[in-house]
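Peer 1: need the 3D shape of this:
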Amino acid sequence: MRLYPEQVADHLKKGLAPCYLVFGDDPLIKLETLDRLRHTAAEQGFTERHRFATDDGLDWTVLLETCQALSLFASRQIIELELGAKPPKEWAERIRELRSACTRICCCCCTAPGCPPPRARASGSRP
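Peer 2: Residues are numbered from 1 along each chain as shown. Next up is the predicted model:
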């Protein structure tokens, strides 16, 4: 399901999806969308947040384990993944793995510059 910035608030009134892909060329709109996601997640009990960036030599195993691990301090957590400007093609499969690893205790938000390739859009990714 693809949402445009003006649709996000109404969508979030219905509850959070397990995973979102936020992309676009306007940094302010992306930041506002992430802030709305974070605020809604906090209201629903997601009190712990983990940030990862693919530019830092990301260990995907650690990321997936974080999605599935229970925290001592929070019952629900937000995982944020910042994708680089040109992620390798094999990352599409890793993002699918991440999406399937997200459970009711974990909400995942991926951010990327520009528009994803057509294949990623067709996979049913959320905003």
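Peer 1: so what's the residue most central in space within the chain up against?
Peer 2: By CA atoms, centre = their mean, the chain has its centre lying nearest to Cys109, at 1.4 Å. By CB atoms under 8 Å, 6 or more residues apart in numbering, the contact list for Cys109 reads Cys19, Tyr20, Val22, Leu34, Leu37, Arg38, Ile78, Ile79, Glu80, Leu81. Yep, even glycine has a C-beta here, placed from its N, CA and C like the rest.
Peer 1: quick one, what contacts Arg38?
Peer 2: Contacts for Arg38 (CB under 8 Å, 6+ apart) come out as Arg49, Ile78, Cys109.
Peer 1: what are the ranges of the strands in this structure?
Peer 2: 19-24, 46-53, 76-82, 106-113 (DSSP state E).
Peer 1: read off the pLDDT value for the residue nearest to the centre of the chain.
Peer 2: Per-residue pLDDT puts Cys109 at 81.
Peer 1: cool, the one 4 residues further on as well?
Peer 2: Residue-level confidence at Pro113 comes out at 80, pLDDT.
Peer 1: that one contacts Glu82, doesn't it?
Peer 2: No: look at Pro113 against Glu82 with CB atoms under 8 Å: they stay out of range, at 9.6 Å.
Peer 1: now the common contact residues for the two.
Peer 2: In contact with both Pro113 and Glu82: no residue, using CB under 8 Å, 6+ apart.
Peer 1: what residue ranges in the protein score low on pLDDT?
Peer 2: Applying pLDDT under 70 to the chain flags the ranges 56, 70-74, 104-105, 115-127.
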